[in-house]
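Chemist: mind looking at a prediction? Sequence and model below.
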Amino acid sequence: QVQLLESGGGLVQAGGSLRLSCAASGSIVKVNYMGWYRQAPGKQRELVATITGGSSTNYADSVKGRFTISRDNAKNTVYMQMNSLEPEDTAVYYCNANLRPSGSLIPYTYWGQGTQVTVSS
């Protein structure tokens, strides 16, 4: 069974940094894109950043220049370095991956359980 395991959330002061990690485990044939979404209280879940297997990246305008997404294909792991954090970045951050599990001819989208990021002013 495929699982996405996130780590790295926490509490940080404004201007600080955090690094999130998400590892896909299980019997996996191929990982296509991976990414991060976030959901703040009372708001809809929104895309933060994505990265393809070829390392093409896409960022929300609100995080461009502050967040950097990267991946280790050998480890099926995606990272997000978050710098210059702002209170508005406070949210639960969810890992997302589109991948083909063993025994399947098509890919599926999986979600992690989420990790809390809190930025104090």
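Modeler: Yes, it's here.
Chemist: quick one, which residue of this protein lies the farthest from its center?
Modeler: Gly103 (25.5 Å; CA atoms, centre = their mean).
Chemist: element containing that one?
Modeler: Using DSSP states H and E, Gly103 maps to neither a helix nor a strand.
Chemist: give the contact list for it.
Modeler: Ser27 (CB atoms under 8 Å, 6 or more residues apart in numbering). Where C-beta positions appear, they are placed from N, C-alpha and C, glycine not excepted.
Chemist: per-residue pLDDT of it, please?
Modeler: pLDDT, Gly103: 94.
Chemist: same question for Gly54.
Modeler: 87.
Chemist: that one belongs to a helix?
Modeler: No: per DSSP: H, G, I helix; E, B strand; the rest coil, Gly54 lies outside any helix segment and is coil.
Chemist: measure the residue farthest from the centre of the chain to Tyr37 for me?
Modeler: According to CB to CB, to the nearest Å, Gly103 stands 27 Å off from Tyr37.
Chemist: quick one: the residue farthest from the centre of the chain and Val2, what's the gap?
Modeler: For Gly103, the distance to Val2 (CB to CB) stands at 11 Å.
Chemist: likewise Ser17?
Modeler: For Ser17, the distance to Val2 - CB to CB - is 30 Å.
Chemist: looking at those two, which is more packed in?
Modeler: Shown here are Ser17 and Val2; by other CB atoms under 10 Å, Val2 has more neighbours (18 against 11).
Chemist: now the more buried one. Nearest residue, chain neighbours left out?
Modeler: Using CB to CB, 6 or more residues apart in numbering and skipping the chain neighbours, the partner closest in space to Val2 is Gly26 (3.9 Å).
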